[in-house]
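Enquirer: have a look; sequence and predicted model below, questions after that.
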Amino acid sequence: MGGVKRVVAEVWGGLSPIARFSILLASVLGVAAIARTAVIAYFMDAVARDGATMDTLARIQLSVTVLIFGAALLLWLVLRAAYLSSSRRLREQSTALEAALAERDRTYDATLGALTNALEVRDSETGGHGGRVVSYMELILREMEIDGDERKTYRRAALLHDIGKIGVPDNILRKPTALSEAEWAAMKRHPEFGSRIIADIPFLGEVARIVRHHHERWDGMGYPNGLAGTAIPLGARIFAVADSFDAMTSDRPYRHGMSIDQARREIDRCSGTQFDPSVVTTFLRIKLEELELISESAPHTHPRVVAS
Ligand SMILES: [Fe+2]
């Protein structure tokens, strides 16, 4: 018996408020119809026994119908009020939940920001690189009309892309001159380190995949897995363009950064080899002034835009 009760409670709990309301109303109307039939049958029997007139029977029937209709209407009003009240409560709870989720997202992003800041303090050469790459990515995502959770994921991947450099020794990471073959091999492990660092964080699963593949190339000549074309996660293909553009337009100890025009031409030249052609086409649609605004914070010693 207890088992039946539990099943009924589970089924009832799984119904929407509208379904529960409909079942209650149908039950009451059903009971009312049965009661009405019983009352009529009773009085018809009385008529047969006592010889009352059909007029009396009709009046009784009308009174019973009005009573039942009134009771049903009252019940409908009470249930409707209860339904509206519970709907309002649900809406309030939903709004509160959305606010809590937004707050949670802000906390997540602030924590991820602290992680990337820690890396940038160590790898001071790239000053603000992560933030600028996020901004360039935002422009590309806007042009590609990518929004919602996907945009959030790509944004986080851009913030964390080089987190694996924590695992690269200082003498390699901060070396001002060209790296030896062994040093370069150590440096190339940072995407793998990065994805391992965040792999166990449940909400960063796809981010970890993008971090792992952020140095793959469209032609399959990248690392760590040599993925090619659309086998590379879309977030990583978009990221590659944003990341390279910032690297090209920033000064490094061993070279000056390019102008925005030069960097755009270079991105275009590498379309179909290093970069996804569709991402490049989208990137080249972005207004020069928008790129310039972001690149202003990059370390550089010469004008970003060549005067025309
Ligand atoms: Fe990287």
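Expert: Cool, got the structure. This one's a predicted model, so the numbers in the text were calculated from it and none came from an experiment.
Enquirer: quick one: the strands in the chain, in order.
Expert: For the chain, no strands are identified by DSSP state E.
Enquirer: got the domain ranges for it?
Expert: Domain assignment for the chain, taken from automatic domain parsing, gives 2-98, 123-295.
Enquirer: now do the longest helix that the chain contains: which elements does it pack against?
Expert: If you go by DSSP state H, the chain has its longest helix at helix 54-122. For helix 54-122, the elements it packs on are helix 17-50, helix 129-143, helix 148-160, judged by 3 or more Cβ pairs under 8 Å, 6 or more residues apart in numbering; DSSP states H and E. Where C-beta positions appear, they are placed from N, C-alpha and C, glycine not excepted.
Enquirer: what angle separates the last one from helix 129-143?
Expert: Inter-element angle recorded for helix 148-160 and helix 129-143: 160 degrees (by axes from the mean of the first three to the mean of the last three Cα atoms, to 10 degrees).
Enquirer: what comes up buried for helix 148-160?
Expert: 151, 153-160 (16 or more other Cβ atoms under 10 Å).
Enquirer: will you turn those residues into JSON lines that also has distance to residue 248 and pLDDT?
Expert: Shown next, in JSON lines, are the buried residues of helix 148-160 (distance: Cβ to Cβ, whole Å; pLDDT from 0 to 100):
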{"residue": "151", "distance to residue 248": "24", "pLDDT": "94"}
{"residue": "153", "distance to residue 248": "25", "pLDDT": "94"}
{"residue": "154", "distance to residue 248": "20", "pLDDT": "95"}
{"residue": "155", "distance to residue 248": "21", "pLDDT": "91"}
{"residue": "156", "distance to residue 248": "24", "pLDDT": "91"}
{"residue": "157", "distance to residue 248": "20", "pLDDT": "93"}
{"residue": "158", "distance to residue 248": "16", "pLDDT": "91"}
{"residue": "159", "distance to residue 248": "20", "pLDDT": "88"}
{"residue": "160", "distance to residue 248": "21", "pLDDT": "89"}
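Enquirer: circling back: tell me the angle of the longest helix of the chain relative to helix 129-143?
Expert: Relative orientation of helix 54-122 versus helix 129-143 (the same axes, to 10 degrees): 140 degrees.
Enquirer: what's the angle between helix 54-122 and helix 17-50?
Expert: 170 degrees.
Enquirer: surely residue 198 touches residue 210?
Expert: No: applying Cβ atoms under 8 Å as the test, residue 198 and residue 210 come out as separate, 10.3 Å apart.
Enquirer: and these two? Which one has more around it.
Expert: residue 210 (27 against 21; other Cβ atoms under 10 Å).
Enquirer: centroid-nearest residue for this protein?
Expert: Centroid-nearest residue in the chain: residue 149, 1.8 Å away (criterion: Cα atoms, centre = their mean).
Enquirer: among the helices and strands packed on helix 54-122, which comes closest to residue 59?
Expert: Among the helices and strands packed on helix 54-122, helix 17-50 comes nearest to residue 59, with 10.1 Å by Cβ to Cβ.
Enquirer: counting contacts, what elements does the closest one pack onto?
Expert: helix 54-122.
Enquirer: the helix it packs on: how far from the chain's middle?
Expert: 24 Å (Cα atoms, centre = their mean, to the nearest Å).
Enquirer: let me see the mean pLDDT of it.
Expert: Across helix 54-122, pLDDT averages out at 82.
Enquirer: going forward, begin numbering at 13 instead of 1
Expert: In the new count, where the first residue is 13, that last one comes out as helix 66-134.
Enquirer: coming back round to it: which of the domains of the chain is buried the deepest?
Expert: Ranked by mean neighbour count under mean count of other Cβ atoms under 10 Å, the domains of the chain are led by domain 135-307, which reaches a mean of 18.
Enquirer: returning to what we had before: now render the buried residues of helix 160-172 as CSV, adding distance to residue 204.
Expert: Formatted as CSV, the buried residues of helix 160-172 follow (distance: Cβ to Cβ, whole Å):
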residue, distance to residue 204
163, 25
165, 19
166, 20
167, 22
168, 18
169, 15
170, 18
171, 18
172, 14
